[in-house]
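J.: requesting a structural model of the entry that follows:
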Amino acid sequence: MNYSGTGNEKAVLASELNRTHVGQTVSFEPDEFTLVFGKIAAIARKEGGVTIALRGVEGSGGLQSSYSLPGSQHVYLQPDMLTNTESTIKDLFGKVQENLRGAGHKGEDKTDKL
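T.: Numbers count the residues shown, from 1 in each chain. Prediction:
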């Protein structure tokens, strides 16, 4: 395999994972024959690598619940919906403010003239 994520996933080096990524959905190739998708339950840094524990894998048909990866390996994170929504709202609010400011400075006199 040669997995490189999907269009909406963000590539991150395993060494860059931190506590803010716990709970996010991740995908990665621990070896050339396996593709893993799951939610991060824990991240442990070790000399020479990172161990990712997955949530809800225990007792699931012989799947591993943790994987050791080199720090230089890419893992792919699903977008954080809360952060994306917050950014979208801020962008829209900024555009509305900009439009309101622009509407107030057109120089048109709307007063009634006798």
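J.: do you know the pLDDT at the nearest residue to V50 once chain neighbours are set aside?
T.: Of all residues beyond its chain neighbours, the one nearest V50 is A14 (4.3 Å), with distances taken as CB to CB, 6 or more residues apart in numbering. Heads up, the C-betas are built off the backbone N, CA and C, glycines and all. A14 is assigned a predicted lDDT (pLDDT) of 94.
J.: please tell me how far A14 sits from V57.
T.: Distance check for A14 against V57: by CB to CB, to the nearest Å, it reads 18 Å.
J.: of these two, who's got more company?
T.: A14 (22 against 16; other CB atoms under 10 Å).
J.: that one against P70, yeah?
T.: Yes. Using CB atoms under 8 Å as the test, A14 is close enough to P70 to be in contact (6.8 Å).
J.: which residues do those two both contact?
T.: 49-50 (CB atoms under 8 Å, 6 or more residues apart in numbering).
J.: measure how buried the nearest residue to A41 once chain neighbours are set aside is and give me the count.
T.: In space, and not counting its chain neighbours, A41 is closest to R55: 3.9 Å by CB to CB, 6+ apart. Each residue near R55 was counted by other CB under 10 Å, and the total is 14.
J.: for S68, which residues count as its bridge partners?
T.: Listed beta-bridge partners, S68: T51 (assigned using DSSP bridges).
J.: actually F28, sorry about that
T.: V36.
J.: same question, I43
T.: Note on I43: beta-bridge partners by DSSP bridges are I52.
J.: I'd assumed S15 was in contact with it.
T.: No. Under the contact definition of CB under 8 Å, I43 does not touch S15, with a separation of 10.4 Å.
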